[in-house]
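# just to be clear, the model below is a prediction. Sequence and coordinates:
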Amino acid sequence: MYIVASMKHLLFLFFFSCFSLVAQELKPVSSRPLEATTFIGVDAYKNTYYINESVLHKQGPEGDFAFKDFQLGNISSVDIINPLKLVLFHEDTNTVVFLDNRLNEIERINFNNLPEFINISTATNAGNNRLWVFNVDTQQLELYNYRSNSKTTISQPFAGKLMSQASNFNYCFILTENMLLSFNIYGSLLSETEAKGFSMIAQQGDVLVALKESSLFRSTENSFEAVKLPISENNIKDLFITQEFLYIYDGKSLLTFSITQPK
């Protein structure tokens, strides 16, 4: 019990410390037009990813690439945490597709065809041949190993609708209608914070931000605090955060802000 409590406190300290970077000052860097249905993010190699009319696009120094398979339905999410192995999830067909850095298909997993059928609503990269998936039938977060075709239940059943999921190789953050919860790969519940009215979360390392009615909030030790943006109108459709930059897509332009490091 003491170990779990200490881990929760440590995670909150990480949140508070790292979010102070966001709280310092956001300086506008650039603004460029972007025609997209959904903005995904920017990887470490400065490649921009976005979806337009069910086609995934990648634009940057490596060139321009695209992936489409209309038979799979709309692209529900794209995880770019590993630019060499992207994870695309198609909720319409309960299918995950892995792509290389040129958006060529590596392999796909149709969860309808597994020996033990899994009906999922999210799928993000957990590393080591694993995916963070949300099982719709059991309302639980699971780790699915697609090499051994095995799964590990991470959470108890959730109450309320799943709004957003963000993850890395060590942690997974789940936003429901009322709560924000964080878990580690060992299945420990690290934190549970009230989060009413939030629609989306984004994270990078230990940094987590949440969107509520076109306003940004940062996680603090006990709740959320508003993040002041240096723009006159906060029309936020999609967002993405790295250690150095915050990216906001307003439906017409991609806005880039640098995160001032504390001196």
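Nice, I can see it.
# what about the nearest residue to Arg32 once chain neighbours are set aside, which helix or strand?
Excluding its sequence neighbours, the residue lying closest to Arg32 (C-beta to C-beta, 6 or more residues apart in numbering) is Leu254, at 5.6 Å. (Glycine included, C-beta is placed from N, CA and C.) Taking DSSP states H and E as the criterion, Leu254 maps to strand 253-259.
# for that strand, buried residues please.
Neighbour counts over strand 253-259 (16 or more other C-beta atoms under 10 Å) mark 254-257, 259 as buried.
# in the stretch 1-150 of the chain, where is pLDDT below threshold?
1-25 (pLDDT under 70).
# show me where it has its helices.
For the stretch 1-150 of the chain, the helices defined by DSSP state H, counting those that start in this stretch occupy 2-24.
# in it, what residue spans correspond to strands?
26-33, 38-42, 48-52, 55-60, 63-67, 77-79, 86-90, 95-99, 105-110, 120-127, 130-135, 140-145, 150-153 (DSSP state E, counting those that start in this stretch).
# which among these is found nearest to Leu216?
Nearest of the strands of the stretch 1-150 of the chain to Leu216, taken as C-beta to C-beta: strand 26-33 at 9.3 Å.
# how many other residues sit next to the residue lying closest to Phe117 once chain neighbours are set aside?
Closest residue to Phe117 apart from its sequence neighbours, by C-beta to C-beta, 6+ apart: Phe111 at 7.0 Å. Phe111: 21 surrounding residues under other C-beta atoms under 10 Å.
# need the contact list for Phe111.
The contact partners of Phe111, by C-beta atoms under 8 Å, 6 or more residues apart in numbering, come to 94-96, 117-120.
# work out which residue lies at the spatial centre of the chain.
With distances taken as C-alpha atoms, centre = their mean, Ala166 lies nearest the centre of the chain, 3.3 Å away.
# circling back: what's the ChimeraX line that selects buried ones from the contacts of Phe111?
This is the ChimeraX syntax for the buried subset of the contacts of Phe111, where burial follows 16+ other C-beta under 10 Å:
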select :94,95,96,118,120
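# kindly reformat the contacts of Phe111 as a markdown table containing distance to Ala159.
Formatted as a markdown table, the contacts of Phe111 follow (distance: C-beta to C-beta, whole Å):
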| residue | distance to Ala159 |
| --- | --- |
| Asn94 | 23 |
| Thr95 | 28 |
| Val96 | 26 |
| Phe117 | 24 |
| Ile118 | 21 |
| Asn119 | 19 |
| Ile120 | 19 |
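# nearest to Asn128 among the contacts of Phe111?
Of all those, Val96 has the smallest distance to Asn128: 15.6 Å, by C-beta to C-beta.
# state the distance from the residue nearest to the centre of the chain to Arg108.
Separation of Ala166 from Arg108 (C-beta to C-beta, to the nearest Å) stands at 23 Å.
# list the buried ones in stretch 192-205?
By 16+ other C-beta under 10 Å, the buried positions in stretch 192-205 come out as 193, 195, 198, 200-204.
# turn the buried residues of strand 253-259 into CSV, including pLDDT and distance to Phe217.
Formatted as CSV, the buried residues of strand 253-259 follow (pLDDT from 0 to 100; distance: C-beta to C-beta, whole Å):
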residue, pLDDT, distance to Phe217
Leu254, 96, 21
Leu255, 95, 18
Thr256, 95, 20
Phe257, 92, 16
Ile259, 82, 16
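# and which of these is nearest to Asp100?
Nearest to Asp100 among the buried residues of strand 253-259, counting by C-beta to C-beta, is Leu254 at 24.1 Å.
# double-check that closest one against Gly41; I have them as touching.
No. Applying C-beta atoms under 8 Å, one finds Leu254 not in contact with Gly41, separated by 10.4 Å.
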